[in-house]
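**Q** Sequence first, then the predicted structure, then my questions.
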Amino acid sequence: MSEPIRRRGRPRSAKDSTGTVQVLDRALDMLDLLAAHPGLTLSEVAERMEQSPSTVHRLLHSLAARGMVESDPATQAWNIGPATFRLGSAFMRRSGIVERARPILRALMEHTGETANLGILNGDAVLFVSQAETHETIRAFFPPGTRSPLHASGIGKALLAFGRAEILHAYLDGAGLARFTDRTLTTPEALTQEMSRIRSRGFSFDDEERTRGMRCIAAPVFDLSGEAIAGVSVSGPTHRIGHEHVKTLGAVVAAAAAELSQAMGG
């Protein structure tokens with residue numbers, strides 16, 4: 001039997017119908033995966049990405065050559081590499097808000113005894129960019145680079161409430177309000193009503209809507225033009241942040257956010 005004829009011609013494009021470069025997409029998906037799940041083996045990465053081990057092997061070693069990922073020779077586990085830190089640091093330097101927020105977050109943490117956070121809008125999520133951790137053993141932990149859905153986080157709800165109307169409308173139209181606990185706001189009507197309450201009191205309240213047993217109080221940070229560019233929050237367990245503390249903590253967080261707004265020219 002003769003072998004099939006292979007036609008010569010231009011190679012198929014590495015781009016899909018949207019113009020996305022597929023191999024680059026896979027590499028970035030791999031970085032996201034390892035950032036969220038450090039210590040995966042090659043076979044585990046292949047399984048989660050639904051790619052062949054040979055494809056994953058090539059991508060991992062290409063990324064490793066640039067310092068984007070690294071492996072532990074003893075365990076064969078893969079993790080994010082030091083080059084990603086340099087890229088992240090470059091992003092952080094783009095805005096002075098992280099540097100200006102650092103003493104304010106520290107003071108907020110010392111005043112409240114709870115972890116203080118700084119987050120910015122990142123697509124349909126909050127991106128946490130700085131944190132001052134409490135000294136308590138049981139505490140909230142959102143390391144820089146963590147993302148959280150807007151409708152299920154204190155900072156996210158503050159940014160939706162005080163941001164441009166089109167941001168809220170686009171989120172309601174496209175994001176899908178995923179449920180994380182029985183307290184998550186999962187309908188446009190419920191979230192819209194929550195926006196009115198947040199604007200009225202000047203701060204938002206995440207009442208175990210993302211994680212059971214944890215609460216968060218947040219307020220927006222404004223720039224010179226009056227646009228909400230970030231949010232400041234305190235997060236902690238329900239046994240320390242009771243409903244009776246919300247009003248007092250809300251005023252403290254709002255004051256810290258206003259201080260940062262002033263530092264940013266807002």
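**A** Received the coordinates, thanks.

**Q** ok, how many other residues are close to Asp207?
**A** One way to gauge burial is a neighbour count; for Asp207, by other CB atoms under 10 Å, it gives 18. (Glycine included, C-beta is placed from N, CA and C.)

**Q** wait, I meant Leu172
**A** Neighbouring residues of Leu172 were enumerated by other CB under 10 Å; the total is 18.

**Q** Asp124 too?
**A** A total of 16 residues lie near Asp124 under the criterion other CB under 10 Å.

**Q** tell me which residues in the helix or strand where Leu33 lies are buried?
**A** Secondary structure here is read from DSSP states H and E; on that basis Leu33 sits in helix 22-36. Buried positions in helix 22-36, judged by neighbour count with 16 or more other CB atoms under 10 Å: 27, 30-31, 33-35.

**Q** who does the one helix or strand Val129 maps to touch, helix- and strand-wise?
**A** Using DSSP H and E, Val129 sits in strand 125-132. Strand 125-132 makes packing contacts with helix 97-112, strand 115-122, strand 147-149, helix 154-162 when contacts are defined by 3 or more CB pairs under 8 Å, 6 or more residues apart in numbering; DSSP states H and E.

**Q** Ok, which of the ones you listed comes nearest Ala77?
**A** With respect to Ala77, and counting by CB to CB, the nearest of those is strand 147-149 at 23.1 Å.

**Q** where does the protein have low pLDDT?
**A** 1-20, 89-95, 175 (pLDDT under 70).

**Q** Start from the N-terminal end of it and give the strands.
**A** 40-41, 69-72, 77-80, 115-122, 125-132, 147-149, 204-207, 214-222, 228-237 (DSSP state E).
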